[in-house]
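A.B. asks: Okay, sequence plus prediction incoming.
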Number of protein chains: 2
Amino acid sequence: MNESSTSAPARPTRLLLVDDDALVRAGLRMILSSAEDLEVVAEASNGSEALEAVAAHRPDIVLMDVRMPVMDGLTAAAQITGRPGAPSIIMLTTFDLDEYVFQALQAGAMGFLLKDTPPRELVGAVRVVAAGEAMLSPTVTRRLVGHFAADAVNPRRQKAQERLRLLTERETEVLAAVGRGLSNADIGRELYMSEATVKTHVSRLLTKLDATNRVQVAIVAHDAGLMTDPAS
Amino acid sequence: MNESSTSAPARPTRLLLVDDDALVRAGLRMILSSAEDLEVVAEASNGSEALEAVAAHRPDIVLMDVRMPVMDGLTAAAQITGRPGAPSIIMLTTFDLDEYVFQALQAGAMGFLLKDTPPRELVGAVRVVAAGEAMLSPTVTRRLVGHFAADAVNPRRQKAQERLRLLTERETEVLAAVGRGLSNADIGRELYMSEATVKTHVSRLLTKLDATNRVQVAIVAHDAGLMTDPAS
DNA sequence: CGGCCACCCACGCCGGCCGGTGCGACTGCT
DNA sequence: AGCAGTCGCACCGGCCGGCGTGGGTGGCCG
């Protein structure tokens, strides 16, 4: 696992530091360059400078602050990632606001660290990301994990699935069809029954699901996760 | 931050080890009990035993394998969490399969570590979880982060949002109302316009969104994330 | 065994809502 | 003025949703 970093300093990991505060950059440079397998090859003081520095120096990893003048780190991250051979990005921030975290990860960041991360762990995180993995601060991890747990206990989803219990097999099939936006005639053709029959099933669905529309029925179908193959 | 664990061993963190392999348990016990702020108070060899042990010994943290006979770790985790005062759970596994990770986190686990985690980091992870945070192995973190990034590039969502670009303000309002399952008359009352006007807006939505039904329109609204307040 | 009940599935008729079309009024821009 | 874009409304055909009804199946009890 860690043999690649200890065996030989064949090719150090090239870093780009991006922060509007020169002192912060100096501190980071101090910490990171003390590791012999890491090398700070450039610095930038805002997002647009970071874009230029990435193009100019081709770093392996970018450590970037979130809040910066001119262009913030999140939009810069979104610009950097995506292209082939793009560097991995580690976001650094003082505050672990939810929106920052989610936006950063959706922008393609592979790391999200708080600035109070101890030097040893910071270096470790850089190495982890350099190895193609991801690293988050514990509080950030907690947010992410909590977000997942909350999704499982999503009240809307649970309520919806609860209601599905009392549906018959046939009704569930019709429910799925309604959720796809099919008309009654379409459903009849697809499930081999008269359109009139489809209507009764839909009627039962309406009463059983406390819906007044077929639209609301479709919504319940989606909320229950019926429309998404179980790869979620 | 870490003062509580280094200042005084006032009250060590109580651990429960759950694994069907006695050797694995012995190894874990060896590693963990070497830290003076940690104390292994019980062991169990499968999920149902784990439930009993939790009730009997009230541990602070449960370290549990995923694959076990009788009752696997995931269902046991789902049983343990949820009640007030329940211990935090760290899942241990040899393989970092996607389904394991997601199920474990949705079951309320606060940690997910691979068994090749070095002893030092294992102890650190336990302390982190004891502090109320979460800790994952780097590869697991990568999966989770990748899942989030993939969600941002969700083709259905992007396609749906793309289509929303060419909608007018008013149409978007109507779209949201349709997505809630309201009838045209309801929408008219809510947006202060005639039902006939609502119909024209819905018609435009049908053509602009390539839909044949209002149900499909509602689905697009949901896929685009219009129906979920921006807390996602 | 026969009767009964509960459940699921199936169908047809009717009123009301939806969706398509045509049209007019207002605004802002060139 | 001309024009594009948006929002507003009214009429018509077709689909949806509500209601009543019947046939088929499986379980329970006398």
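C.D. replies: Now that the structure is in, tell me what you want to look at. Residues are numbered from 1 along each chain as shown, chains lettered A, B, ... in the order given.

A.B. asks: can you list the weak-confidence ranges in chain A?
C.D. replies: Filtered on pLDDT under 70, chain A yields the residue ranges A:1-10, A:96, A:152, A:229-232.

A.B. asks: switch to 80 and redo it
C.D. replies: Chain A contains residues with pLDDT under 80 at A:1-10, A:82-84, A:95-99, A:148-156, A:166, A:228-232.

A.B. asks: ok, now which ones touch A:Ile90?
C.D. replies: Counting by Cβ atoms under 8 Å, 6 or more residues apart in numbering or on different chains, A:Ile90 makes contact with A:61-64, A:109-113, A:125-126, A:129, A:135. No exception for glycine: its C-beta is placed from N, CA and C like everyone else's.

A.B. asks: Can you add distance to A:Val220 and give those back as JSON lines?
C.D. replies: Shown next, in JSON lines, are the contacts of A:Ile90 (distance: Cβ to Cβ, whole Å):
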{"residue": "A:Ile61", "distance to A:Val220": "46"}
{"residue": "A:Val62", "distance to A:Val220": "44"}
{"residue": "A:Leu63", "distance to A:Val220": "46"}
{"residue": "A:Met64", "distance to A:Val220": "43"}
{"residue": "A:Ala109", "distance to A:Val220": "36"}
{"residue": "A:Met110", "distance to A:Val220": "37"}
{"residue": "A:Gly111", "distance to A:Val220": "39"}
{"residue": "A:Phe112", "distance to A:Val220": "35"}
{"residue": "A:Leu113", "distance to A:Val220": "41"}
{"residue": "A:Ala125", "distance to A:Val220": "43"}
{"residue": "A:Val126", "distance to A:Val220": "47"}
{"residue": "A:Val129", "distance to A:Val220": "42"}
{"residue": "A:Met135", "distance to A:Val220": "39"}
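
A.B. asks: now those: which count as buried?
C.D. replies: Neighbour-count burial (16 or more other Cβ atoms under 10 Å in any protein chain shown) applied to those gives A:61-64, A:109-113, A:125-126, A:129, A:135.

A.B. asks: got CSV for the residues you listed, with distance to A:Ala35 and secondary structure too?
C.D. replies: Formatted as CSV, the buried ones among the contacts of A:Ile90 follow (distance: Cβ to Cβ, whole Å; DSSP: H, G, I helix; E, B strand; the rest coil):
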residue, distance to A:Ala35, secondary structure
A:Ile61, 12, strand
A:Val62, 17, strand
A:Leu63, 13, strand
A:Met64, 19, strand
A:Ala109, 21, coil
A:Met110, 18, coil
A:Gly111, 16, strand
A:Phe112, 20, strand
A:Leu113, 16, strand
A:Ala125, 12, helix
A:Val126, 8, helix
A:Val129, 13, helix
A:Met135, 15, strand
